[in-house]
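# just the structure for this:
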Amino acid sequence: MKYPIGIQTFEQIIMDGYIYVDKTDLIYSLVTRGKIYFLSRPRRFGKSLLLSTLENYFQGRKDLFEGLKISKLENNWLAYPVFHIDFNGVNFNQPRALEAKLEGYISSWEKIYGINPGIDFNLGSRFENVLRAAAQKYQRGAVVLVDEYDKPLLDVLDRDEKLLNHNRDILKAFYSTFKLADRYLQFVFLAGVTRFSQVSVFSGFNSPKDITINEEYEAICGITEEEMATQMDEDLDILAGRMGISREETVQKLKDNYDGYHFTWPSSDI
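Residues are numbered from 1 along each chain as shown. The predicted model follows:
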């Protein structure tokens, strides 16, 4: 079995035959029962893969989901306009780095939908225009996925209070677009590391449903013991044989050495 170490793209995992821990029944529950969600998880805990899976689902990529749980639940497989905002890979310690990142996204979307912003320098209103154009073109609401929504704040936290407040104001104004453009939206999902800034950043629109500690969605990221036992059955037996211990002892060793997102004991022990 091939494990997707460091791979966070759903399409690549499926197309290249890597093992995928099937969370698509939970994804179907999300998209059919709500509209705006928020999730907090530590870094390297599968948030980016979750957003990538959502992106492919809303693009109507039925072929990628063949054999997964959602293939027995979804019948329509419609394609929606998807706007994926990823704040990873940017150092927001620099002044105007946040504005430049958002400007890059919005200007590229404006070109796609043939929008001339003219003298409008307001990122929020320009994004609203993009969402309106997308909804009109597809004749259905747009989907917005935000990865590491809080990184522009965490990068400057306890370092530059002035820039922290500036970035917070920019994000607050930008996220308020979700309220102004509600009629053009089908689904919104924001993921990040922290929950501390929800009040100050999300106060410009109706608070998203926080599923961070929601029991129904607690397993939407990461790997549960049951998933390990059922979807990695063959490899557990191989690992037990290599270590010369029982399967039960192998599972316990994995649990004891798991720190939340990876296994910590030296690979020479395996």
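
# isn't E148 right next to G89, touching?
No. With contact defined as Cβ atoms under 8 Å, E148 and G89 do not form a contacting pair (9.2 Å). Quick note: C-beta positions are derived from backbone N, CA and C, even for glycine.

# show me where the stretch 101-250 of the chain has helices.
Assigned by DSSP state H, counting those that start in this stretch, the helices in the stretch 101-250 of the chain fall at 123-138, 151-154, 161-175, 177-180, 198-202, 225-231, 233-243, 247-256.

# which of those sits most buried?
Per-stretch averages of neighbours, counted by mean count of other Cβ atoms under 10 Å, single out helix 151-154 among these, with a mean of 23.

# which helices and strands does that one pack with?
Judged by 3 or more Cβ pairs under 8 Å, 6 or more residues apart in numbering; DSSP states H and E, the packing partners of helix 151-154 are helix 161-175.

# and the angle from the helix it packs on to helix 123-138?
30 degrees (axes from the mean of the first three to the mean of the last three Cα atoms, to 10 degrees).

# tell me which helix or strand of this protein sits lowest on mean pLDDT?
helix 198-202 (a mean of 63; mean pLDDT, DSSP states H and E).

# with just CA atoms, put stretch 60-67 into PDB.
This file holds the C-alpha atoms of stretch 60-67, laid out as PDB (Å, rounded to 0.1, in the frame of the first residue of the first chain):
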ATOM      1  CA  GLY A  60     -18.400  17.700  -9.700                       C
ATOM      2  CA  ARG A  61     -15.500  15.300 -10.100                       C
ATOM      3  CA  LYS A  62     -17.600  12.100  -9.800                       C
ATOM      4  CA  ASP A  63     -14.800  10.000 -11.300                       C
ATOM      5  CA  LEU A  64     -12.500  10.700  -8.400                       C
ATOM      6  CA  PHE A  65     -15.000   9.500  -5.800                       C
ATOM      7  CA  GLU A  66     -15.900   6.100  -7.400                       C
ATOM      8  CA  GLY A  67     -15.900   3.400  -4.700                       C
END
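
# all set now, cheers.
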